[in-house]
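Visitor: okay, here's the prediction I keep looking at, along with the sequence it came from:
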Amino acid sequence: MAHQRSSQPRLSPGSYEEDIRAVLAPRLAYFEAVARHEHVTRAAQELGVPQSTLSRAMVRLEDDLGVALFARKGRTVSLTPAGRTFLGSAERALEEVEKAADSVRADADPTAGKVAFGFLHTMGSETVPALIRAFRADHPRVRFQLVQNYGEAMIERLRAGGLDLCLTSPVPDAPDLVTRRLDEQRLRLVVPDDHRLAGRRRIRLAEAADETFVTLEPGYGLRRITDDLCAEAGFVPRVAFEGEEAETLRGLVAAGLGVALLPPPAVARPGVVELTVTAPRAVREIGVAWLDGHPDTAPVAAFKKFLLGRRGSLLPG
């Protein structure tokens, strides 16, 4: 009996864009196999489904689209012009799905997978290269997608799924994150080498209350730490410049623009003197964060274990 096609598609106009994906996606592989073989039985054998199931699926696909995709003669079929147009798009869609599957499998491969890892700007010159070098001694084929940014931006990217792990400071406290403290880093008051305090080795931060500061921009963890330490010392810093890089700030200190609270430099910079702050205790905690409840791929789990094993020895020196 010839199939009586309905004159209207089953998809309602108001829900068409939402429903069309659910209707088409499960049937694209069926359609592609039938179109390739031009025979329902052979396509069903290849797919491992009953011939009757495949026939019904193609009829429903045509009904839902409101378009005849096949001209039928028994179990042999040929594509209509609309079917040929649809086949080209279906093949491209299936190819993209296959590429996506290959990509996620490759990223999860235990020996050659990918770790999306974020870190602070101040960790980039020594700390992170040393970590990756040490990790890859035992995992030489693991790939890294690296993101260097300030703390809040990295946490946003972590939540959006763009990172597996990130090194950050201060260590965040949020219900959707798991964090582990790894190390702490002493901060120093950096002053020009001709500054009135340059002959000192140690200083209480309150002694710098009248100084002009150069700092990182709001939103950076080190800026928050600077503001908090100054508040603890009893003053609000007068800020002459807000930047994005600690080494830029160190250069501006050397130029006499102000003083700054900074972690130790990778390489000593001329023109500045770095003073130990005795009070309040001037340190920043470095920690690793990841999303709670998200399963790790094998390479991410291995790198996480490696980082946790570096507690207390994360930072060079």
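Guide: Right, received. Where do you want to start?
Visitor: ok, now which ones touch R159?
Guide: Neighbouring residues of R159 by CB atoms under 8 Å, 6 or more residues apart in numbering: D176, L291. No exception for glycine: its C-beta is placed from N, CA and C like everyone else's.
Visitor: phi, psi for it please.
Guide: Note on R159: backbone dihedrals following degrees, to the nearest 10 are phi -70, psi -30.
Visitor: show me the strands in this structure, by range?
Guide: Taking DSSP state E to define them, one finds strands in the chain at 70-73, 76-79, 114-119, 143-148, 165-168, 177-186, 188-192, 202-204, 212-216, 238-243, 260-262, 272-279, 283-291.
Visitor: in JSON lines: those, plus distance to T53 and mean neighbour count.
Guide: Converted to JSON lines, the strands of the chain look like this (distance: least, CB to CB, whole Å; neighbours: other CB atoms under 10 Å):
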{"stretch": "strand 70-73", "distance to T53": "16", "mean neighbour count": "14"}
{"stretch": "strand 76-79", "distance to T53": "16", "mean neighbour count": "16"}
{"stretch": "strand 114-119", "distance to T53": "38", "mean neighbour count": "22"}
{"stretch": "strand 143-148", "distance to T53": "41", "mean neighbour count": "14"}
{"stretch": "strand 165-168", "distance to T53": "45", "mean neighbour count": "24"}
{"stretch": "strand 177-186", "distance to T53": "45", "mean neighbour count": "16"}
{"stretch": "strand 188-192", "distance to T53": "72", "mean neighbour count": "23"}
{"stretch": "strand 202-204", "distance to T53": "80", "mean neighbour count": "14"}
{"stretch": "strand 212-216", "distance to T53": "63", "mean neighbour count": "22"}
{"stretch": "strand 238-243", "distance to T53": "65", "mean neighbour count": "15"}
{"stretch": "strand 260-262", "distance to T53": "68", "mean neighbour count": "26"}
{"stretch": "strand 272-279", "distance to T53": "74", "mean neighbour count": "18"}
{"stretch": "strand 283-291", "distance to T53": "40", "mean neighbour count": "20"}
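Visitor: now for those strands, which one comes closest to E32?
Guide: Closest to E32 of the strands of the chain is strand 76-79 (CB to CB; 11.1 Å).
Visitor: re the thing from before, redo the strands of the chain as JSON lines? Include mean pLDDT and distance to F303.
Guide: Shown next, in JSON lines, are those (pLDDT from 0 to 100; distance: least, CB to CB, whole Å):
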{"stretch": "strand 70-73", "mean pLDDT": "89", "distance to F303": "51"}
{"stretch": "strand 76-79", "mean pLDDT": "90", "distance to F303": "49"}
{"stretch": "strand 114-119", "mean pLDDT": "97", "distance to F303": "5"}
{"stretch": "strand 143-148", "mean pLDDT": "96", "distance to F303": "8"}
{"stretch": "strand 165-168", "mean pLDDT": "96", "distance to F303": "7"}
{"stretch": "strand 177-186", "mean pLDDT": "96", "distance to F303": "13"}
{"stretch": "strand 188-192", "mean pLDDT": "98", "distance to F303": "31"}
{"stretch": "strand 202-204", "mean pLDDT": "97", "distance to F303": "38"}
{"stretch": "strand 212-216", "mean pLDDT": "97", "distance to F303": "27"}
{"stretch": "strand 238-243", "mean pLDDT": "97", "distance to F303": "31"}
{"stretch": "strand 260-262", "mean pLDDT": "98", "distance to F303": "28"}
{"stretch": "strand 272-279", "mean pLDDT": "98", "distance to F303": "32"}
{"stretch": "strand 283-291", "mean pLDDT": "97", "distance to F303": "10"}
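Visitor: so for L54, which of those sits nearest?
Guide: That would be, of those and by CB to CB, strand 76-79, which comes in at 10.8 Å.
Visitor: hmm, who's touching that closest one?
Guide: V34, A35, E38, H39, V40, L69, F70, A71, L87.
Visitor: does anything pack onto the longest helix anywhere in the chain? Which helices or strands?
Guide: Longest helix in the chain, counting residues (DSSP state H): helix 81-108. Identification of packing neighbours for helix 81-108 by 3 or more CB pairs under 8 Å, 6 or more residues apart in numbering; DSSP states H and E yields helix 28-37, helix 298-308.
Visitor: and that helix, how far from the chain's centre?
Guide: Relative to the mean C-alpha coordinate of its chain, helix 81-108 is positioned 25 Å out (CA atoms, centre = their mean, to the nearest Å).
Visitor: need the pLDDT of Y16.
Guide: Y16 is assigned a pLDDT of 48 by the prediction.
Visitor: correction: the previous question concerned G317.
Guide: 64.
Visitor: and for R157?
Guide: pLDDT for R157: 96.
Visitor: and the longest helix of the chain with helix 28-37, angle?
Guide: 120 degrees (axes from the mean of the first three to the mean of the last three CA atoms, to 10 degrees).
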